[in-house]
Structures are given as C-alpha cells and as structure tokens.
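Engineer: return a 3D structure for these sequence lines:
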Amino acid sequence: AAELTGRVLIADETRRAGGVSESVVAELLDAGFTGRIARVTSSDSFVPLGEAARHVLLSEAEIEDAARKLLA
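Structural biologist: Have a look, this model is predicted:
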C-alpha cells in the first residue's frame, strides 16, 4: 500500500522520542521506500493515567491534520 500511494502516515500513541513510529520509519527506509513519510505522536511524557491522558495522548484532530498535510 505504501508503494501504491507513495505516502505513509504513522499515527503513534507512544511518545515521540523512542516511540514505535521511529522503528516503522526505519523499516520503511531500510526496505527502500522513497515516498513521503510523516508521523504524528503523543507528547514525550510519562505514561499518563485517567484524565491526564487527555493532555498528552494523540488526538483524532492531530491525526486528521497530519493526513491533510501529507496529502497537500
């Protein structure tokens, strides 16, 4: 699918630094993907619990915004 569209958006609920999305980007590049790659992540923080999660976790709006930018 990545090769067909030439674009990949990675939405990662883990932290930006040291998160899962870094490995996904590395694997795409190692496999020779030359298209556009973007990622949107949660904020770098400790794992939030309860209502605190709303302050650092990735939101639907952030994912939508990243997708629009990738398609522009």
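
Engineer: centre of the chain to the helix or strand bottoming out on mean pLDDT in the chain, how far?
Structural biologist: Lowest by mean pLDDT, DSSP states H and E among the helices and strands of the chain is helix 53-56, with a mean of 74. Relative to the centre of its chain, helix 53-56 is centred 16 Å away, using Cα atoms, centre = their mean, to the nearest Å.

Engineer: which is the next helix or strand following it?
Structural biologist: Sequence-wise, the next helix or strand downstream of helix 53-56 (DSSP states H and E) is helix 60-71.

Engineer: measure stretch 36-51 end to end?
Structural biologist: 34 Å (Cα to Cα, to the nearest Å).

Engineer: tell me the pLDDT at Ile10?
Structural biologist: Looking at Ile10, its pLDDT is 97.

Engineer: and what of Ala52?
Structural biologist: pLDDT, read off for Ala52, is 75.

Engineer: over to Ser59?
Structural biologist: Confidence at Ser59, expressed as pLDDT, is 90.
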